[in-house]
Every structure is written in C-alpha cells, then in structure tokens.
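Asker: Using only what follows, build the 3D model:
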Amino acid sequence: MLETYRAGIIGCGWVSTAHINGYRATGRVEVAAAADISQERLQDFGAEWGVVNLYTDYREMLDREKLDLVSICTPASIHLEMVSQAAERRPRVIVCEKPLALSLGEADAILANCERARCHLVACHQRRFEARYVKAMELIRSGVIGEVTFLRTWGGDLFEGSDHVIDLMRSFVQDDAVRRVAGQVEFAHPPAQLYGHLSEYAAVGYIVFAGGASGLLCASALAPPERLYGFSIVGSEGVMEISAMPHPIAYPSPSWVRVKGQGDANWLHIEAPDTLLAPPSKKLLERGSIEYFWLDCWQDLMESVIHTAETGQDGPCSGAGARADIEIIIAIHVSARLRRAIEFPVTIMDSPVTGEGSQPDSIWRSP
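Answerer: Okay, here's the model as predicted:
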C-alpha cells in the first residue's frame, strides 16, 4: 500500500481552500489539523471541511499534532516566523504560499532554517502545473519554435501577482540564471497597501538571462485584465502565444497555446483545458473563494509535495526557485531606485516594501 500523510494548515483564509482540495485529491493526505487566529474563520473551516483538530495558536498545533506536511497560507510578511517554527518540529515538507518572503534576507533565513532542520520546502507556484503552461513547456522543449530569445508577460502586484509570471518565465528558459535586470516602479501617493506591504501603482522589468534570452514584464496598471498571466514568446524558429487568465474570472475556462513557425501563414492552435477537481462550494464562493482553487493544478502541486517527501528530491516548485523569483522582484525595485541596470547577484538584503515607516524612497542597507 502507498504511504499516507498527515497535514496541517496554518491560516484558514481563502487560499487554504486550494491546499485542502489539492491534498484530498491525491487520496493520500489527511488534513488532520488547522490553525488560525480568528476563531470564527477557524470554526467555519472546520465545519466546511470536517477538520476537528482546530487551534488559534499555530505553535500549539505544531507541538500537539504529529504532522508530515505543513501548509502555510498566510501573508509573506510573517512567513519567516511560521516557516522557522514549523521547521523546528521537522515535518517532511513545508508548503509555503508565494511570495516566499518580501526580502532576500528573510528568504535566505527561511532556506537556512529548513536546511538546518533537514526539512524540504515547496513554494506554491502551482501555475507551473496549469494545462496551458505545461503544454507550452512541452512545445518549447520539443524545439517547435527553436531557442527562446524573448518573452513578454503581464502580471499584477510585483510580489503577489507578478511573482507567478516571473516564475513561469524562468520555467520557459529552463530556470536559467539571471544576468541583469532593469526596472521602473511607480507608487501612488499615498502608496497602497496589500497584505502588509506597499503595493506599486505600475511597474516594468526587463530581465536578461545568462543563456541570452530576455524577458519583459508589465505589471499592475500596465497589465490589462484581458492579458493578465498571458505570454508572447519569440523563438529562433517561430513564435508562441499563451492564453491569459480568464476575464472576468470563471473556471474552467478557455485555455490554449498557439504557435507559428517561420514562413507559416497560419497559427497552430492547441486547446489545453484545465479541469475542476470537484464542483466549487457555493458557500465558500460567497465567502470570497474563487473557482480557481478547485483546479486540478493544485492536485498536481500536492503530488509533487508527496514525491519530495518520499524521494528527498526537489520538484519544480522548490524553495530555491522561489528565492530566485524574489531576487528578480527586488532587482526591479533596486534598478528603479538607482536608475541603472542591476547585475546579479543582488546584494540588497532588506525589503523595499516593509518595515517601520517604509516609503517608496526609503534607503536599504547593503552588506
């Protein structure tokens, strides 16, 4: 028989829906416990999903429950504390929502604490498992458009929404190292707040990879809703387009990839539909959840978590990869501040968007 696992969830907000759906769809994970500082949210979660071991102190949950897997579904500003506490109890895998952190200093501390505890870390970059991106990666690796030379994509807030498309951009160039980044960031006055950090009004980032490919990210106000999470990719022998997130949001939705080789008159259009794990709960949708949290990519993410637990091998959504995504975001901010391209590695360890009295023109410390 295949081994089964006990999981605990920290943070019972809307994204916890995706985690428990993904775990249950594997057929090998029991979500045995959950923790949230809100008693009402915790009780609602327990009643909806049949989880009986509920805690308002996540440390108590970690101490009392013998967990193989721990999901952290909270804002990035408190990931360091929670990942570190979970790592001390040595589960097999910690599954952390993105972004991993809001600074390279915190990301490095998270990775070091997990390594010290010999605990694997998986970041929630589940879009790598969405059907259209999987199909795009298959086509790129088959050589249908030759070598990737340029990518363009559109994302939301740099740390929240654009973290996904930056990660996907890296996947399309086989997680190639970054050579340099140039960026511009514009804040509103006063700057907006999102999940405990400053959120830019608009941003653009130009990314040069070591292998020679380059990418352009247009974020926040520069990303029209109908293009959000879409891609245009140029190769040495053709071009590719990947459909954007549906607007308005509704799943399952049309999802496709199309390619055109040099000299071809017409596009080759390939449907790549996602499927739902189960019908979304009307009650949860009324509370703010979205159909996306029922997509099958969440099962694929949790299957990769199980694979890491059993083999000790990192999958496509490793903690190190999540750190690489953050480094690009930080570089965009640094470039905007210093008005020049930033060579890698980035040495700014502080966050540009958190801290007491943070403002868009605050000064960071460099080691």
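Asker: C-alpha from now on. contacts and neighbour counts both.
Answerer: Fine.
Asker: which residue sits closest to the residue nearest the centre of the chain, ignoring its sequence neighbours?
Answerer: Centroid check for the chain by C-alpha atoms, centre = their mean gives His125 as the closest residue, at 3.6 Å. Nearest non-adjacent residue to His125, counting by C-alpha to C-alpha, 6 or more residues apart in numbering: Cys317, 5.9 Å away.
Asker: mind checking how far that neighbour is from His120?
Answerer: Taking C-alpha to C-alpha, to the nearest Å as the measure, Cys317 falls 11 Å from His120.
Asker: same check, this time on Glu237
Answerer: Note on Glu237: its distance to His120, by C-alpha to C-alpha, is 39 Å.
Asker: and the two? which has more neighbours close in?
Answerer: His120 (24 against 16; other C-alpha atoms under 10 Å).
Asker: Touching, the more buried one and His307? I think so.
Answerer: No: His120 lies out of contact with His307 (C-alpha atoms under 8 Å); the separation is 11.1 Å.
Asker: start to end distance for stretch 154-171?
Answerer: Counting by C-alpha to C-alpha, the length from the leading to the trailing residue of stretch 154-171 is 16 Å.
Asker: now stretch 189-200
Answerer: End-to-end distance of stretch 189-200: 10 Å, with C-alpha to C-alpha as the criterion.
Asker: And the average pLDDT for that stretch is what?
Answerer: Stretch 189-200 comes out with an average pLDDT of 89.
Asker: and if you look at stretch 109-129?
Answerer: 98.
Asker: quick one, strands of the stretch 151-300 of the chain?
Answerer: Secondary structure of the stretch 151-300 of the chain (DSSP state E, counting those that start in this stretch): strands at 178-186, 192-194, 197-199, 202-209, 214-220, 231-235, 238-242, 256-261, 268-271.
Asker: could I get these as a markdown table with mean neighbour count?
Answerer: As requested, these are exported to a markdown table (neighbours: other C-alpha atoms under 10 Å):
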| stretch | mean neighbour count |
| --- | --- |
| strand 178-186 | 21 |
| strand 192-194 | 12 |
| strand 197-199 | 21 |
| strand 202-209 | 22 |
| strand 214-220 | 23 |
| strand 231-235 | 21 |
| strand 238-242 | 22 |
| strand 256-261 | 20 |
| strand 268-271 | 14 |
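Asker: What pLDDT does the model give Lys283?
Answerer: Confidence score, pLDDT, at Lys283: 86.
Asker: in the stretch 1-150 of the chain, which spans are strands?
Answerer: So, for the stretch 1-150 of the chain - with DSSP E, counting those that start in this stretch - the strands run 5-10, 29-35, 53-55, 69-72, 93-96, 120-123, 148-155.
Asker: okay but Leu216 is in contact with Gly155, surely?
Answerer: No: using C-alpha under 8 Å, Leu216 makes no contact with Gly155, being 10.7 Å away.
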